[in-house]
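S.K.: coords please:
(one chain, ligands or ions: 2)
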Amino acid sequence: MNSDPVIEVRGLCKRVTDASGELTILDGIDLTVHAGSSVAIVGASGSGKSTLLGLLAGLDSASAGSVRLLGHELTGMAEDQRAALRNGSVGFVFQSFQLMPHLTALENVALPLELQGGLTTREAFARARALLERVGLGQRTAHYPKLLSGGEQQRVALARAFVTHPAVLFADEPTGSLDAATGHAVIDLMFELNRANSSGNSDASGATLVLVTHDVDLARRCDSMVTIEAGRRVPNAPHTGSPEDVREAPERGRIEAGR
Ligand SMILES: Nc1ncnc2c1ncn2[C@@H]1O[C@H](COP(=O)(O)OP(=O)(O)OP(=O)(O)O)[C@@H](O)[C@H]1O
Ligand SMILES: [Mg+2]
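M.R.: Numbering: from 1, shown residues only. Ligands and ions are numbered 1, 2, ... in the order given. Model prediction:
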């Protein structure tokens, strides 16, 4: 619809203090993400990617610098204000999934719709069920998270993040626990959301995707790539934008089933 920045980050720093003293996790990050675009955030383990994603989504607060999300300055905003901004506009897939243990897969996916309001419980459950079917979990809707495999939990977390048709989808290693075939299906689903907002609102642009990934296929499909090294943004390899510094991470259990 337009190319206004959905996210604008200037001089973003995150420092924490623990028993061993002050640690700088992010140090002066600048970043602009335009509406409807897709960005892959890449970098070695411990470089600060998850911390950055949490700050962009307003889940955490910065030590210095500014983050504008959907036109709102997050710096200085109280948690309940940030939650109100996120609600319905932002989907987030955590690296550790963070499903509600006492809710079934279906209830987990329906929860954001219920929090948002506007739909009957029946409608919310129908939409949640359809999305679980899309991610191949139509037979697992009544399962509690602890009875699901890691890859299944990841897909429930993705369905939960998609269900409100968010304007911005943040996903931390969204294919990290999936085999190649399932990973491709999930990637296709994310880019479908990116291309068109399936909410039926024809005015809406597609969702902006901000993805942390070690998955070369996924990073390649994104419009741009941001590389983080020890808390700083580094220029990408020249003239490619290709994910040369995306490392496969076999320890994450990604199975490259040749297909
Ligand atoms: N609350 C905290 N207190 C102390 N250290 C922290 C805290 N949060 C993050 N860190 C440290 O900051 C660094 C960056 O963490 P982060 O989780 O952002 O890395 P990452 O790039 O997502 O890594 P991975 O690829 O392994 O998920 C790590 O060294 C981590 O130990
Ligand atoms: Mg991480």
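S.K.: Before we move on, what's the pLDDT of whichever residue of the chain sits closest to ligand 2?
M.R.: In the chain, no residue comes nearer to ligand 2 than residue 50, which is 3.1 Å away by Cβ to the ion. Glycine gets a C-beta too; all of them are placed from N, C-alpha and C. At residue 50 the predicted local confidence, pLDDT, stands at 96.
S.K.: Next, see if the helix or strand hosting it gets close to ligand 1.
M.R.: Counting by DSSP states H and E, the element that carries residue 50 is helix 49-56. Yes: judged by Cβ under 6 Å from any ligand atom, helix 49-56 comes into contact with ligand 1 at 49, 50, 51.
S.K.: now swap in stretch 211-218 and tell me
M.R.: No: no part of stretch 211-218 sits near ligand 1 under the criterion Cβ under 6 Å from any ligand atom; the closest distance found is 6.5 Å.
S.K.: Look at that stretch and report the distance between its end residues.
M.R.: From its first residue to its last, stretch 211-218 covers 9 Å (Cα to Cα, to the nearest Å).
S.K.: Identify each buried residue in that stretch, please.
M.R.: By neighbour count, and taking 16 or more other Cβ atoms under 10 Å as the criterion, the buried residues in stretch 211-218 are 211, 212, 213, 214, 215, 216, 218.
S.K.: With stretch 62-80 instead?
M.R.: By neighbour count on 16+ other Cβ under 10 Å, the buried set for stretch 62-80 is 62, 65, 67, 68, 69, 70, 74, 77.
S.K.: returning to that earlier point: out of the buried residues of stretch 211-218, what pair is the most spread apart?
M.R.: The span of those, defined through Cβ to Cβ, is set by 212 and 216 at 13.7 Å.
S.K.: C-terminal to the helix holding residue 50, what's the next element?
M.R.: Using DSSP H and E, the next helix or strand after helix 49-56 towards the C-terminus is strand 64-69.
S.K.: Strands along the chain, start to end?
M.R.: Counting by DSSP state E, the chain has these strands, from start to end: 5-18, 21-34, 38-42, 64-69, 72-73, 90-93, 168-172, 208-212, 224-229, 232-234.
S.K.: tell me the angle of the second one relative to strand 168-172?
M.R.: When axes from the mean of the first three to the mean of the last three Cα atoms, to 10 degrees is applied, the directions of strand 21-34 and strand 168-172 differ by 140 degrees.
S.K.: what angle do strand 21-34 and strand 38-42 make?
M.R.: Computed by the same axes, to 10 degrees, the angle separating strand 21-34 from strand 38-42 equals 160 degrees.
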